[in-house]
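# Let's see this in three dimensions:
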Amino acid sequence: MNSETNRKISPDRDDFVKFTVRDSVFGDLFHDRKYLRQLYQVLHPEDETITEDDFTDVTIRNVLVNELYNDLGCMVRGKLIILCECQSLWTYNIIIRALLYMARSYQMYFKEQGADLYGRKKVFLPKPELYVIYVGDEENKPSEITLSQEFFNGEESSIDVRIKVICESDSNDIINQYIIFSKIYGEQRKKYGRTREAIQETIRICKDRDILKEYLESREKEVVDIMLALFDEQEVYETHFKSVAKEYEAIGEARGEARGEARGEARGEARGEKRGSITTTIENFKEFGQSKENTIKRLIEKYGLSSEDATERVNALWK
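Model prediction:
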């Protein structure tokens, strides 16, 4: 791992946003055109003439943690833009992110082409395809999600986004192999924690089961390094998130006290603020990819809830 990986990073906001997120196994796998071609053929089995040279990488690279970036973007023969996101935590907000990825990808494309969007001649617009590859454990995910249905109650609007959702199946294609790899890793992480052993066991099991075997055998060291780096990132992220959560909780408490004193309803306001803070904490932890276990632990530590009460509150909002 390079010096950037080893440098100490402060969880303070100004330093944290300068921290460059490293690639994931998903990105490393599918930025190899050999495997990208296999991914494309899963999505377009009718296209039997596609070659590795027909792909152009248009992934939006991340520079800052709070900058826009996506997992995978490619241009196919200059006619089709495919944007893929890999999700372990289900959220319909991926639709909005996909919309932003698409807009940014087109912006980059037109700039590269030198297209005159103010001219009279109609420019060429590559057709977009949007996908979410879901590797989480929640079942019964829809095969397709749309902006209009999820955010506008199905009403027509001036804009819409349609995303195909790919979940685990019985097939042995490259996408399903990655989904299974992710789930095996999740199982090993629960067993061994965020350790090298969890990574090595994941790789061993996958090779034994012929899951991404060729890729893992050829890039085992790189995969281990990538996943260890992600452990470091997660630790920094959690430290930062806890710092921000505490700050907002303190603000909420201060506001509750001020309103309670002003209205002579301090006790009622405090209870209301506490309920609101608990709900906000759960929603924030969920949105930022924290586990249920970490969320429950935080509620117990911060609000003095019993394990049963904290678990019940988290389960009620964790849908």
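# Ramachandran coordinates for Pro128?
phi -90, psi 150 (degrees, to the nearest 10).
# quick one, what contacts it?
By CB atoms under 8 Å, 6 or more residues apart in numbering, the residues touching Pro128 are 80-83, 102, 105. Quick note: C-beta positions are derived from backbone N, CA and C, even for glycine.
# and with 7 Å instead?
Residues near Pro128 by CB atoms under 7 Å, 6 or more residues apart in numbering: 81, 83, 102.
# can you pull out the helices in the stretch 51-200 of the chain?
Per DSSP state H, counting those that start in this stretch, the stretch 51-200 of the chain has helices spanning 94-113, 147-151, 174-192, 196-208. These are given in chain order.
# thinking again about what came up before, next, format the contacts of Pro128 as CSV and append neighbour count and pLDDT.
As requested, those are exported to CSV (neighbours: other CB atoms under 10 Å; pLDDT from 0 to 100):
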residue, neighbour count, pLDDT
Ile81, 22, 89
Leu83, 24, 88
Met102, 18, 93
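# quick one: which of those residues is nearest to Phe110?
Within the contacts of Pro128, distances to Phe110 taken as CB to CB reach their minimum at Ile81, with 11.8 Å.
# That closest one reaches Leu130, doesn't it?
No. Counting by CB atoms under 7 Å, Ile81 does not reach Leu130; the two are 9.1 Å apart.
# Look up how far Glu217 lies from the residue nearest to Phe285 when sequence neighbours are not counted.
Once flanking residues are discounted, Phe285 sits nearest to Thr295: 4.2 Å by CB to CB, 6 or more residues apart in numbering. According to CB to CB, to the nearest Å, Thr295 stands 38 Å off from Glu217.
# Kindly report the same for Tyr134.
26 Å.
# neighbour-wise, which of these two wins?
Tyr134 (21 against 10; other CB atoms under 10 Å).
# ok, back up a step: output the helices of the stretch 51-200 of the chain in CSV, with distance to Val223 appended to each entry.
CSV is the format used below for these (distance: least, CB to CB, whole Å):
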stretch, distance to Val223
helix 94-113, 25
helix 147-151, 35
helix 174-192, 10
helix 196-208, 7
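# now for these, which one comes closest to Lys122?
Distances from Lys122 to each of those were compared by CB to CB, and the smallest falls on helix 94-113, at 12.6 Å.
# buried stuff in that closest one?
Judged by neighbour count (16 or more other CB atoms under 10 Å), helix 94-113 contains these buried residues: 94-95, 97-99, 101-102, 104-106, 109.
# Next: stretch 299-313.
Of all the residues in stretch 299-313, those buried under the rule 16+ other CB under 10 Å are 299, 302-303, 305, 310-311, 313.
# The residues you listed: which two are farthest apart?
The span of those, defined through CB to CB, is set by Lys302 and Thr311 at 15.0 Å.
# Output the below-cut-off pLDDT ranges for the chain.
When residues are selected by pLDDT under 70, those of the chain lie in 1-23, 61-69, 231-276, 287-289, 319.
# go with 50
Low-confidence segments of the chain, defined by pLDDT under 50, span residues 1-22, 63-66, 264-266, 268-269.
# where do the strands sit along it?
Chain-ordered strands for the chain, with DSSP state E as the definition, fall at 55-57, 72-76, 80-87, 127-134, 144-146, 162-166.
# could you dump the ones you listed to CSV with distance to Ile203?
Rendered in CSV, the data for those read as follows (distance: least, CB to CB, whole Å):
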stretch, distance to Ile203
strand 55-57, 26
strand 72-76, 22
strand 80-87, 18
strand 127-134, 20
strand 144-146, 32
strand 162-166, 23
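# of all these, which lies closest to Gln290?
Closest of the strands of the chain to Gln290 is strand 80-87, at 14.9 Å (criterion: CB to CB).
# Quick check: neighbours of that closest one in the sheet, parallel or antiparallel?
With DSSP bridges as the criterion, the sheet partners recorded for strand 80-87 are strand 72-76 (antiparallel), strand 127-134 (parallel).
# quick one, helices of the stretch 201-319 of the chain?
Using DSSP H, counting those that start in this stretch, helices in the stretch 201-319 of the chain cover 213-218, 220-263, 266-287, 292-303, 307-317.
# Thr59: neighbour count?
For Thr59, the tally of surrounding residues (other CB under 10 Å) stands at 19.
# next one: Gln149
16.
# before we move on, the earlier item: ranking the strands paired with strand 80-87 by burial, who's on top?
Each of the strands paired with strand 80-87 was scored by mean neighbour count; the highest is strand 72-76, a mean of 21, by mean count of other CB atoms under 10 Å.
# quick one: contacts of that one?
Applying CB under 7 Å, 6+ apart, the contact partners of strand 72-76 are 27, 30, 36, 40, 54-60, 81-84, 105, 126.
# domain parsing for the chain?
Following automatic domain parsing, one finds the domains of the chain at 21-230, 238-317.
# one step back: closest one to Glu283 among the helices of the stretch 51-200 of the chain?
Counting by CB to CB, Glu283 lies closest to helix 94-113 out of these; the figure is 16.2 Å.
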